[in-house]
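In: Kindly generate the corresponding structure for this input.
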Amino acid sequence: MGIFFAPLWAVLIFVTLLMFLVYSKIRRQMQAMEQFTQRRQSQEHRVDLAKQFARQATLYVGAFYATWIFSTLLMVVNVSSHKAPYGLVFLNAFFGVSIQG
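Out: Here you go, the predicted model:
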């Protein structure tokens with residue numbers, strides 16, 4: 001179990017960190033470019049682009065977490081008590097299978 005889930009969660013945390021770093025870079029770039037723009041509407045549009053990326057990155061990483069959190073919890077419960085609650089099995093089946101595409 002740990003052989004599969006430990007690297008999986010390491011990758012999930014790594015992807016989260018990378019998305020945060022990309023967002024930070026975009027935001028700094030947009031702030032640096034503000035000094036060259038003279039139109040107010042253009043500046044508002046650039047702020048919206050950074051927010052759009054943040055929203056898209058959050059949804060992307062959130063889908064990873066939603067897909068794997070219930071599978072991981074189900075395995076931990078199975079190993080520790082050898083009996084899985086129905087609700088957790090249902091959530092694992094709903095999110096774990098349907099979100100993966």
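In: and the residue nearest the centre of the chain, how far is that from Leu18?
Out: For the chain, Val61 is the residue whose C-alpha lies nearest the centre (CA atoms, centre = their mean; 1.4 Å). Noted for Val61: a distance of 9 Å to Leu18, by CB to CB, to the nearest Å. Every C-beta, even on glycine, is put in place using the N, C-alpha and C of the backbone.
In: ok, now Pro7?
Out: In terms of CB to CB, Pro7 sits 16 Å off from Leu18.
In: Need the per-residue pLDDT for Gly2.
Out: Per-residue pLDDT puts Gly2 at 66.
In: next one: Leu17
Out: 96.
In: Mind giving me the packing neighbours of the helix or strand hosting it?
Out: Take DSSP states H and E as the rule and Leu17 turns out to sit in helix 2-33. Judged by 3 or more CB pairs under 8 Å, 6 or more residues apart in numbering; DSSP states H and E, helix 2-33 is in contact with helix 40-81.
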